[in-house]
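Trainee: this is a predicted model, with the sequence first.
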Amino acid sequence: ASTTLTATSTRRPAHPFLPLTRYRDDDTTAASSQSRIVKRMGYTRGGATTSADTITIPQRLLAGGAARAVAQMTLYPIDALRTLAQTRDGRTLADVGATALIRGASTTSAFALFMGSIQFAVFGVCRARGIPTIVSSALGAAASCVVSVPQEVIKQRLVTGVYASFREAVQTIWK
């Protein structure tokens with residue numbers, strides 16, 4: 001069937017990024033073609049559901065954990081400088097050595113993997129259940145504190161030289 005475009009009626013596109021197209025009133029071929037494109041893009045009518053809503057919990061765990069771990073590893077030296085500047089004993093980078101900027105970076109990033117996994121998964125599950133974004137975000141952040149608080153204590157003590165290694169920090173704190 002050939003499609004003749006006329007200006008007789010204008011149908012709203014199913015998604016705002018699809019162009020507004022003019023079809024004849026009796027032409028269903030072009031409309032169903034547009035509908036197939038929209039479905040392939042992962043959208044439904046009204047834009048309420050996207051392909052991001054179909055991400056599984058393991059995928060959320062992996063995505064959130066990887067993102068948080070990479071960010072933590074990248075920003076660790078800057079955070080170590082901040083921690084060192086906040087200590088009250090007057091020590092400087094020259095006193096503790098430049099290795100303090102990377103001491104504990106790998107273990108902290110491993111903790112960050114778990115933090116990001118927990119936070120992103122909780123946030124995603126809450127949003128999928130219709131919980132408002134701000135509440136979902138708060139619940140995700142609160143859940144990740146199970147990992148983030150101990151991680152931050154260990155990181156600060158490694159940077160300031162209270163403990164020589166991650167193993168020593170965990171053994172001393174565990175006692």
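Mentor: Sure, I can see it.
Trainee: and the strands in this structure?
Mentor: In the chain, the segments counted as strands under DSSP state E are 9-11, 21-23.
Trainee: worst mean pLDDT among those strands?
Mentor: Comparing mean pLDDT over the strands of the chain, the weakest stretch is strand 21-23, at a mean of 44.
Trainee: what packs against the lengthiest helix in the chain?
Mentor: Ranked by residue count under DSSP state H, the longest helix found in the chain is helix 57-86. Packing partners of helix 57-86 (3 or more CB pairs under 8 Å, 6 or more residues apart in numbering; DSSP states H and E): helix 93-96, helix 105-128, helix 133-159. Glycine gets a C-beta too; all of them are placed from N, C-alpha and C.
Trainee: and the first one, what's buried?
Mentor: Of the residues in helix 93-96, those scored as buried under the neighbour-count criterion (16 or more other CB atoms under 10 Å) are V96.
Trainee: let me see the mean pLDDT of it.
Mentor: Averaging pLDDT along helix 93-96 yields 78.
Trainee: circling back to that earlier point, what's the closest of the helices and strands packed on helix 57-86 to R60?
Mentor: With CB to CB as the criterion, R60 lies closest to helix 105-128 of those, at 4.4 Å.
Trainee: tell me what angle that closest one forms with helix 133-159.
Mentor: Between helix 105-128 and helix 133-159, the angle comes out at 170 degrees (axes from the mean of the first three to the mean of the last three CA atoms, to 10 degrees).
Trainee: elements contacting helix 105-128?
Mentor: Using 3+ CB pairs under 8 Å, 6+ apart as the contact criterion, the secondary-structure elements in contact with helix 105-128 are helix 57-86, helix 133-159.
Trainee: in TSV: these, plus mean neighbour count, distance to L93 and mean pLDDT.
Mentor: What follows is the helices and strands packed on helix 105-128, written out as TSV (neighbours: other CB atoms under 10 Å; distance: least, CB to CB, whole Å; pLDDT from 0 to 100):
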stretch	mean neighbour count	distance to L93	mean pLDDT
helix 57-86	16	6	87
helix 133-159	17	10	88
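Trainee: how about these in JSON lines, adding distance to C126?
Mentor: Rendered in JSON lines, the data for those read as follows (distance: least, CB to CB, whole Å):
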{"stretch": "helix 57-86", "distance to C126": "11"}
{"stretch": "helix 133-159", "distance to C126": "4"}
